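S.K.: Take a look and give me a structure for this.
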Amino acid sequence: MAQTVGELRVDFVSGAVAHRLKFGGGRGQDLPKAMGLRAGKTPTIIDATAGLGRDSFLLASLGAQVTMIERSDKMHALLADGMARAHDEGGVFREIIERMTLLKGDAKELLPTLSGEAILIDPMHPPRKNSALVKRELRQVREIVGTDEDAADLLRVALETAEKRVVLKWPAKADPIAGIKPCSHQIVGKSTRYDVFMIA
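M.R.: As a prediction, this is how the structure comes out:
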């Protein structure tokens, strides 16, 4: 029986995640490009803000070893449950899950103890400037994890500990995080952009 918090659950086997797995476009998608996945290159990745785990699952489906960090007890439990069900599904789902490692804790404390070529940070985004309601699912996540007031601090730790790059997933039109050096380049989609910080 799937674990839920309210109506929220983590599902890697059906719905949007499974559809993206089949039809998503592989390494040509914005996220894999931002993280440095390309022909012959598959970096080790740390997802410092795992959330629903979808970005980690996509990256793992493309061959990357992904370490996920989640500090919310409830979100961590949902992720562990979703990963267990996907593993039990067998086949390609099990192969992908076996490339994913889930840790519980504060990424600011854990990152210095881990080694990863690329670190992904996807904080709870600032409230939108327009009044359109955020997708219900994301509202439910926000209710569980709150807002990431320490996003700038997490980004600084990541920049100090990543081996090759840090990627900030951020709303396409949102202002950069204050007090952080300019990124090396951006990949901008319709609603989301990836600010890529290359480590010299």
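S.K.: Show me what the longest helix along the chain is packed against.
M.R.: The helix spanning the most residues in the chain, taking DSSP state H as the definition, is helix 73-89. With contacts defined as 3 or more CB pairs under 8 Å, 6 or more residues apart in numbering; DSSP states H and E, the packing partners of helix 73-89 are strand 66-70, helix 91-97, strand 100-104, helix 136-145. Using the backbone N, CA and C atoms, a C-beta is placed for each residue, glycine as well.
S.K.: can you tell me the average pLDDT over it?
M.R.: Within the predicted structure, the mean pLDDT of helix 73-89 is 94.
S.K.: Also stretch 192-200?
M.R.: What stretch 192-200 shows for mean pLDDT is 93.
S.K.: pLDDT below threshold where in the protein?
M.R.: By pLDDT under 70, the low-scoring segments of the chain are 1-7, 125-148.
S.K.: what comes into contact with stretch 162-180?
M.R.: 31, 34-36, 43, 46, 55, 115-122, 125-126, 128-129, 151-152, 155-156, 158-159, 182-184, 188-199 (CB atoms under 8 Å, 6 or more residues apart in numbering).
S.K.: now with 7 Å?
M.R.: Taking contacts as CB atoms under 7 Å, 6 or more residues apart in numbering, the residues outside stretch 162-180 that touch it are 34-36, 43, 115-122, 125-126, 151-152, 155, 158-159, 188-199.
S.K.: Can you mark which positions in it are buried?
M.R.: The neighbour-count criterion (16 or more other CB atoms under 10 Å) identifies A162, K164, R165, V166, V167, L168, K169, W170, I177, I180 as the buried residues of stretch 162-180.
S.K.: could you give the angle of the longest helix of the chain to strand 66-70?
M.R.: Orientation check (axes from the mean of the first three to the mean of the last three CA atoms, to 10 degrees): helix 73-89 against strand 66-70 gives 150 degrees.
S.K.: Any idea how far helix 73-89 is from the middle of the chain?
M.R.: 15 Å (CA atoms, centre = their mean, to the nearest Å).
S.K.: how about that helix: buried residues?
M.R.: Within helix 73-89, the residues that qualify as buried by neighbour count (16+ other CB under 10 Å) are K74, M75, H76, L78, L79, A80, D81, G82, M83, R85, A86, H87.
S.K.: of these, closest to F93?
M.R.: Compare each of the buried residues of helix 73-89 with F93 using CB to CB and the shortest gap goes to A86, at 4.4 Å.
S.K.: circling back to that earlier point, can you say which of the contacts of stretch 162-180 are buried?
M.R.: The neighbour-count criterion (16+ other CB under 10 Å) marks 34-36, 43, 116-122, 125, 151, 155, 158-159, 192-197, 199 among the contacts of stretch 162-180 as buried.
S.K.: show me the contacts for G189.
M.R.: Applying CB under 7 Å, 6+ apart as the definition, the contact partners of G189 turn out to be D30, A172.
S.K.: Turn the buried residues of stretch 162-180 into JSON lines, including distance to L102.
M.R.: Shown next, in JSON lines, are the buried residues of stretch 162-180 (distance: CB to CB, whole Å):
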{"residue": "A162", "distance to L102": "20"}
{"residue": "K164", "distance to L102": "23"}
{"residue": "R165", "distance to L102": "22"}
{"residue": "V166", "distance to L102": "20"}
{"residue": "V167", "distance to L102": "20"}
{"residue": "L168", "distance to L102": "21"}
{"residue": "K169", "distance to L102": "19"}
{"residue": "W170", "distance to L102": "24"}
{"residue": "I177", "distance to L102": "26"}
{"residue": "I180", "distance to L102": "27"}
